[in-house]
Structure formats: structure tokens, C-alpha cells
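# Okay, sequence plus prediction incoming.
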Amino acid sequence: MSGPLVEVSSISRSYSMRSGMFGRSTAVHAVDRVSLTMRKGETLGLVGESGSGKSTTGRIVLGLEPPDHGEVRFDGKPMATPGTPAWRAQRAHMQMIFQDPLGALDRRLPVAAQIREPLDIHGLGTPLEREERVRELLRAVELTPAHGVRYPGALSGGQRQRIVLARALATKPDFLVCDEPVSALDVSIQAQVVNLLADLQAQLALTLLFISHDLRVVRQISNVVAVMYLGRIVEIGSADDLFARPEHPYTQALVSASPAPGRRSAGRIVLAGDPPNPAARPQGCAFHPRCPRAVARCASEVPALSHVGGNRQVACHLVTGPQAETRDAA
Amino acid sequence: MTDATLKDTKAFSSEADSGSRKENALKLESNVRRRVSLPAIPVSVVLAIGWIVAMLMIAAFAEKIAPYGYTQLDLRNRLAAPGNVAHWLGTDELGRDVLSRLLVSIRISLLIAFGATAISAIVGTTLGFLAAHFRGPVEQLVLMLSDFQASMPFLIMALAVLAFFGNSLPLLIGLMGFFGWERYARIARGLAISANAQGYAAAVRQLGATPARIYLRHILPNIASTLIVSTTLVFPEVILMESGLSFLGLGVQPPMTSLGNMVGYGREYLTRAPWIMLAPATTIVVTTLAVSVIGDWLRDRLDPTLQ
């Protein structure tokens, strides 16, 4: 396809946090110089533990909040300022799927009215065409028009997430950000929703940013996977390659923790130390206090994300080696 | 909301035609729905609603029902006791028919109470939404105004305004409209802020909806139950406030009459002709009680967590 659909260049976002009533406010770097490119029709999986800045990255990429530094370009054009009419018009091209489908739906409106809402907002089609589109969307997410007259409270979790999906697809967007779309669902329902999402993505040539902490789901749906740790991307590469041959010690630990058939659990890497705190980011490589292979250099120098062959990029001194070191210094 | 429910039931009944097992299942479901959506209304609430409806009918047709004009004198029958053949509820010191005056008073008092409640609900909710939407200085200003309103005895403010600007019915309604707005403003602001933080408002915003759509179509229906209940609390207070002002001689001016005005002028004859005062006083008590009972019931009925 011609050119990337979404281009994220070195975005950063920090929040100020105050500890206690009179405590000093400290800056929390939720996202730190993250760059991503997504081609049309591609699915990028973004994984990491909670607090790693996945969701903030998703919100910035979707233009829901502006980055402190850096820029997001959608289809070659910069993102509009949130709240402006231009920004609202842009929403028709990009949509978000939320983690909690019940929270994302208005409990006082029948679901058909809510699926129809983006069409009403963006003034697409005549009222009759909108009705027809709602029925079409309900069928597309494997529900019947009879479900449309119900209220969100009368639907199951999986059905609600399909409604959210149908609403997001109503304006035929090019780009979808799914923020933990299945983590609130039962495992059996997760598979249904993920399969549905994958089918729709293939049918409609959607570009997906799939945010999750669940490696199995990410592996199933993504072409490219990016691993985040404390606001930075530590490794990025094509999904099969990355899961088969993780390079970064953190990715190795993540992959070893996720159960896979035919692999013995003996090789599991158990990380020591505390889970990361974005307010107290360690010096040097943020992962070094928990890294089983850390060397002295890791505590002092921040590793840059560098190419290590193919389309793989890793931010680790141990992987990139001495050549990368000189490149970093330059 | 009612529209949607109607559509709902229609859809269910049309579906019920196909297949007997499905029909049974749907019937069961619609039975369950009916039981959930229409629980037995308590007797007290039925009585309260009946009373309010009667009051509204009286207010609408006061002149047609009233046996006499409310200023019409019957000097031969002054201070007649209730039960009199010509005057069911007796007459006052000028021989005016208490029943006729009561009916007209109900109209005036309800007009003031509804007008004022509507004004304060609209003003308060709008200010609350503005505060929640813009935050920052706008929110500070609204909160400051509402604190000012809450800390100022309303009666004193009303006395000052009426003393300066004289008295007329529209002015009185407008003035009473400033009573209680700060409660709506605070409630609306708090609920709108929490709704904005919740998923549904954020979801609609990222669909590209304008703030007007988010606030009027989504947040307002979701918080309406709380506001309606708040209305039923303010409404009786407005009636009592109007009665108080009229009692002090600053509310509705003679020859016009209102419930408070009747109580106020009837107090001079409290020992000799208590019926002049008792009839409007009873009406005030029962009406405010009825509104409170309905409000209490509505609070349970409209609670979204119970649905």
C-alpha cells in the first residue's frame, strides 16, 4: 500500500502527580518518545504491563489528547486539536473500542439508537439509509435486528462489545484503536470477539492498533507487535518473529510467562524486583533493576531503539552490541 | 424514554407471533419486564398523585368551578361558618366566599411554584453544565455564586428586591425562580463531571459529538432522575416561601389572592373564624406533602441502578 496511514513520531506525554496534600508534584512520564508507523490494513499489537503507557499511547495516536512533544500524522495530515469542529469531523475516520463495553454504552438508550448515533452526528445518509445501515451493522457483528431494541443492560458482555464494535464501524473508519477490548470478557467470549474483529479487519481493510496485556490475543491478531516498558518501546517486530525469537530480556520474560502448547514451563523467566513505577523511573535502562542479564552500563546509559536485522528493533545494550554503541554516540 | 419503551413492547409483541416456544419465552420475558418496569404503586403515592392532579385541574378551571367571584362581597353573610347553604367553606370578614377564594389562590400559588421551580431548575442545571464543561474560572464563578446564594438568607434577599422594585406577579415568579437554583447547579455539575469521566460520555465525545449533544442527549437523561427528585424537594419549599412572603404582606397583593396571602390575612380572625385560615393552610400542607411523597417514590423508581 502507498505510504503509512498513521505516523507517530517521537510522542511524549507526562502528567504531574502530587503525593499527599502538601507533597511536591512529580512529573510522571507516561509516554516517552514513542514512534510508530502503521500501514493501511495492518494490525499493530501494543503489549506491556499496566502503567507502561499503552493506553495513553492509544489515546494520543487516536488524537483524544494532544502529546506534549512529537506529532501524530493521520493519512499524511497532522491531527486536529481536540474539541474543534475539524477534530470532530476527523472522528468519522478513526474510532475507539473500549475495555468496558457497559461503561461505553449509554444505559438509557436502546442499542440501535447508539449504533446509529455516529451516522446522526456526522450527517451520513437519509434517516432510512441510516436504519438500513444499523441493520447491516448488527448483522456484520453477528447480532439480529431484534437485539437493537434492547437496552445495554439486557445484553451479555460479548453482545455489548459487539454493539460497541458496530457503533465504531458505523462511519466506515479506516483506523481503529482497541484498548484492551476483550480483557473484561470471559475467555470463551474473548475468542469470539477477537475472531470477529480479525474477520472484520480483513473484510474492511481496517488498520488496527490493538492494545492488550494478553499475549495470546495479540499474537493471534497482530502483524506487528510493539512491547512497551515504562513509557518506552523496548522491542518491535513482526509478530511471529518476535514471539518465536524475543531479543529484549523483558520480551523474553513476557513470552516465557505466557503458556503455549508444546513448550515446557521449566524455561520460565521469573522477574525479580518491584513492578515498574512510572513516577520513579530508574536511571539508564528502565528495565535494568529487574533484568536478569543487566551489566554496569545498563544503569547509566539509556539504550536507543536500534535495528537488529529484518524489521526488528530492540532497545537493549546487550542485543545491539558495540556497533550500535558507536552509532548511539554519534 | 416512554417512546422507547413503547417501541420495545411493540417489537416484542410482533415477534411473539412466530413459533410457540419462542412466543412463550418472549411472553415470559415481557412479563418479567412488565413486573420490573411497573411495580405496584403504593396507596400513598396514588393518593398524592390524585391530589396533585386535582390541584392542577382546579388551577386550570378555577373560574368555571368557583361558585362566586373571588372578590364578590356578601355583606349579609360576613364570617359565616362552613356548612352554610350558600357558602360551603364559609365566608371571610367581608363576606367573600372562602371556597371561591381558595380555588383562585390555588391557581396563583401553583403558577408561582411551577414557574419558579422551572426557572430555578433550568438556570441551575445550565450553570452546572457550563461549570462542568469549561471547568477553570467558569466553574469557580458558578461555585462562588452558588455559595453566595446558599449563605444568604433568601427571605432577606426577597424582601430587599420586593422593597426596591415594588411588586408584580412576573417579578415574584422571577424572584422565586432564584430560589434553590444553587442546588441544581451543584448537583448537575457534580453529576456531569462524573459522567464525563465515565465511559459513555467519553465514548460519545470520541464519536465526534458536539458538547450540546453530549450534555442534552446523553448526560441529561442519565442524571434526570436526581434532578427530578431535587425538583420535588424545591417545589414545596417554593410554595412555603411564597406563603411566607404573602403572609408578611410582601408576596401577592390584595385584591389578588394566594394561599399564603389568605393565611396571612386570616390570622386576625384566628379565634373567631378559624376556617378562613384553615382551608388554605390545609391545602398548603397536603400539597407539599403530596409532592414530597411523589418525589420520594420517584427517587426509587428512577434510580438507574435498580433497573
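Perfect, I can see it now.
# Return the distance of the residue positioned nearest the centre of chain A relative to chain B.
The residue lying closest to the centre of chain A (CA atoms, centre = their mean) is residue A:211, at 2.7 Å. As judged by CB to the nearest CB, to the nearest Å, residue A:211 and chain B stand 15 Å apart. Glycine gets a C-beta too; all of them are placed from N, C-alpha and C.
# Toward the C-terminus, what is the element adjacent to the helix or strand hosting that residue?
Per DSSP states H and E: residue A:211 is located in strand A:207-212. Helices and strands here follow DSSP H and E; after strand A:207-212, the next one along the chain is helix A:215-221.
# who touches that following helix?
A:43, A:45, A:47, A:182, A:190, A:194, A:197-198, A:201, A:208, A:210, A:212, A:225, A:239, A:243, A:254-255, A:258 (CB atoms under 8 Å, 6 or more residues apart in numbering or on different chains).
# For the residue of the stretch 201-307 of chain B found nearest chain A, which non-adjacent residue is closest in space?
Of all residues in the stretch 201-307 of chain B, residue B:208 sits closest to chain A, at 3.2 Å by CB to the nearest CB. Spatially, and ignoring its direct neighbours in sequence, residue B:208 is nearest to residue A:91 (3.2 Å; CB to CB, 6 or more residues apart in numbering or on different chains).
# Tell me who's in contact with the one you found.
Listed by CB under 8 Å, 6+ apart, the contact partners of residue A:91 are A:118, A:121, A:122, A:171, B:206, B:207, B:208.
# Out of the residues you listed, flag the one nearest to residue A:131.
Nearest to residue A:131 among the contacts of residue A:91: residue A:118, at 14.1 Å, using CB to CB.
# ok, residue A:8 - contacts?
With CB under 8 Å, 6+ apart, residue A:8 has these contacts: A:34, A:35, A:36, A:37, A:60, A:61, A:70, A:71, A:72, A:73.
# Once you drop chain neighbours, what's closest to it?
Among residues not flanking residue A:8 along the chain, residue A:36 sits closest, at 4.3 Å (CB to CB, 6+ apart).
# how about low-confidence regions in the chain?
I'll assume chain A. A:1-2, A:19-22, A:260-267, A:321-330 (pLDDT under 70).
# not what I meant, chain B
Short version for chain B, where the test is pLDDT under 70: B:1-39, B:303-307.
# Give me the three-state assignment for the residue nearest the centre of it.
Closest residue to the average C-alpha location of chain B: residue B:235 at 4.1 Å, with CA atoms, centre = their mean. Residue B:235 falls in the helix class when you classify it by DSSP: H, G, I helix; E, B strand; the rest coil.
# pretty sure it contacts residue B:115?
No - using CB atoms under 8 Å, residue B:235 makes no contact with residue B:115, being 11.2 Å away.
# How about the stretch 51-200 of chain B: which residue is closest to chain A?
Counting by CB to the nearest CB, the stretch 51-200 of chain B gets nearest chain A through residue B:199, at 3.1 Å.
# so how many other residues sit close to residue B:153?
Number of residues near residue B:153 (other CB atoms under 10 Å in any protein chain shown) recorded here: 8.
# Residue A:275 - nearest residue in space that isn't next to it in sequence?
residue A:49 (6.5 Å).
# show me what contacts that neighbour?
So residue A:49 contacts A:213, A:229, A:275, A:276 (CB under 8 Å, 6+ apart).
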